[in-house]
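Enquirer: generate a structure from the sequence data that follows.
(chains A and B)
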Amino acid sequence: MTTETTRESHPARDTADEPRPIPLTRSCPFAPPAELTALREREPLSRIANPDGTTGWLVTDHALARKVLGDPRFSARQELMSSPLTARRAEPAMPGGFLFMDPPQHTRYRKLLTGQFTVRRMRRLEARVEEVTERQLSLLRAQGKGADLVEHFALPVPSLMICELLGVPYEDHEFFQSRAVAIFRLVQDPEESGAAYAALRTYLLDLVRRRRGEPADDILSDLVTGSDLTDDELIGMALLLLLAGHETTANMLAMATFALLSHPGQLTLLREDPSLIGGAVEELLRYLSIMHVGLPRAALEDVELADRVIAQGDTVTVSVAAANHDPRKFGPADGLDITRSATGHVAFGHGIHQCLGQQLARIEMRIGINGLLREFPGLRLDVPVCEVPVRSDMGVFGVHRLPVTW
Amino acid sequence: MKIIADAGRCIGAGQCVMAADSVFDQSPATGEVMLLAARVPADEVDAVLEAVSTCPTGALSTAED
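Expert: Below is the predicted model:
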């Protein structure tokens, strides 16, 4: 391991202006760290100490978060950034990896995909999501009481759907799910994540070649036949969709269930009126904010923000969790309230990189959560709340397992 | 009130269609915003303003007549 977090090496002087490591420890698994709330009140744009020795910035309020994420003077190129977690600087994005690119490269790739993820197109998928959900709920039931909701429900539903859309055989899911774990570790082991990337690229290259010879009705085939993308670019885009489609919604489904089971009043409200699900999903996205480290950006020039000057080259990390709990935007925002209007949350990001798959994620969550509550009226946790293993070691927050009974 | 949509800035997130699907649609080919109405219907004012405020790239705006 060449990476490490060096938070202990900073003297703990109690001055507001002394840069400190980014606060990450959640005291309650559902809410952002209390330190973030304190920072937002005191200094919504504050300085943080990065492990590479540079001083970065942390944004904790909602309006500033939207400003930074929507401003083209802040770059998403990871090779320009200091990480708030490791001293290692990231490699430039691989071809097709448009999440870590700026326009015009980003625009070129994203525009090839946006037509595939429109609201209407996703609404047409609802029947299929229902089918997949029903089947997984039966498989969950067949496991018997004490089953792991992550393994038998929260992970397979989004995994099956993205595989089907993209054109990746689901039989191979164990292969890429285990590789994804290495890639999504909060502080990656470069050797382990490098090997995982290499294995996935080899796998996807084979798939791309097969689709070139024999196109099917899926996104990968459309890209192969309808664009001039190289094999490397196709692999990069497929990898992004595959990984993003797996980790995010799976963790939201599991965390949303965990949160509802831990808030019986909210659970009862939703059980009694399933039509609340649309608002409930938005509130769960806001409340849980599973991108718990936040979204980093690099200043391409000096930028004046909140009466400070962010120097060219500085890294700004936007805390999605802190922004989504900003009472100036959402009112008393710390509790889960599925009847609140959570519109405008930044759980899917903001600006040109806002989540491409957000409409699919919403449909999977609406159908998934309502299906689960309908089919398992007596659903409850099978272990005490504090024994649920939370994913504080992963870039996407969630639970490793969620043992449930009914 | 008129609605102004800048398809060049649109990234196809679909927030506007979620807010007001009688006013906004997306091109099936590119996902870019398409207006189904040039003016804001009287009963959709709040929904259109929500679409303007949640658009991730500021591609939408309104103007008084």
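Enquirer: residue A:243: which element?
Expert: helix A:231-261 (DSSP states H and E).
Enquirer: is that helix anywhere near chain B?
Expert: No - using C-beta under 8 Å from any C-beta of the partner chain, helix A:231-261 never reaches chain B; the gap is at least 14.3 Å. C-beta here means a position set from N, CA and C on the backbone, and glycine is covered the same way.
Enquirer: shaky segments in the stretch 1-150 of chain A?
Expert: A:1-17 (pLDDT under 70).
Enquirer: and it, which residues reach chain B?
Expert: A:69-70, A:110-111, A:113-122.
Enquirer: could you point out which element follows the helix holding residue A:243?
Expert: With elements assigned by DSSP H and E, the helix or strand that comes after helix A:231-261 is helix A:264-272.
Enquirer: quick check: buried residues in that following helix?
Expert: For helix A:264-272, a neighbour-count test (16 or more other C-beta atoms under 10 Å in any protein chain shown) marks A:266, A:267, A:269, A:270 as buried.
Enquirer: now stretch A:36-56
Expert: A:36-37, A:39-40, A:43-52, A:54, A:56.
Enquirer: and the residues you listed, which is closest to chain B?
Expert: Nearest to chain B out of the buried residues of stretch A:36-56 is residue A:44 (C-beta to the nearest C-beta; 19.7 Å).
Enquirer: show me the contacts for the closest one.
Expert: Shown in contact with residue A:44 (C-beta atoms under 8 Å, 6 or more residues apart in numbering or on different chains): A:59, A:60, A:61, A:64, A:306.
Enquirer: need the helices for chain B, in chain order.
Expert: Along chain B, the segments classed as helices by DSSP state H run B:15-19, B:45-54.
Enquirer: hmm, who's touching the first one?
Expert: With C-beta under 8 Å, 6+ apart as the test, helix B:15-19 has contacts from A:118-120, A:343, A:359, B:23-26, B:33, B:47-48, B:50-51, B:54-56, B:60.
Enquirer: among those residues, name the buried ones.
Expert: A:118-119, A:343, A:359, B:23-26, B:33, B:47-48, B:50-51, B:54-56, B:60.
Enquirer: flag every residue of chain B that's near chain A.
Expert: Along chain B, the residues adjacent to chain A under the rule C-beta under 8 Å from any C-beta are B:11-14, B:17-19, B:21, B:25-32, B:50, B:53-54, B:56-58.
Enquirer: list only buried entries from the residues you listed.
Expert: B:11-14, B:17-19, B:21, B:25-26, B:30-32, B:50, B:54, B:56-57.
Enquirer: in CSV, list the residues of the stretch 1-150 of chain A next to chain B along with secondary structure.
Expert: Listed next are the residues of the stretch 1-150 of chain A next to chain B as CSV, based on DSSP: H, G, I helix; E, B strand; the rest coil:
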residue, secondary structure
A:69, helix
A:70, coil
A:110, helix
A:111, helix
A:113, helix
A:114, helix
A:115, helix
A:116, helix
A:117, helix
A:118, coil
A:119, helix
A:120, helix
A:121, helix
A:122, helix
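Enquirer: count of neighbours near the residue in the stretch 101-250 of chain A that chain B sits nearest to?
Expert: Going by C-beta to the nearest C-beta, chain B is nearest to residue A:114 of the stretch 101-250 of chain A, at 2.9 Å. With neighbours defined by other C-beta atoms under 10 Å in any protein chain shown, the count for residue A:114 comes to 20.
Enquirer: and it, what does it touch?
Expert: Per C-beta under 8 Å, 6+ apart, neighbours of residue A:114: A:356, B:11, B:12, B:26, B:30, B:31, B:32.
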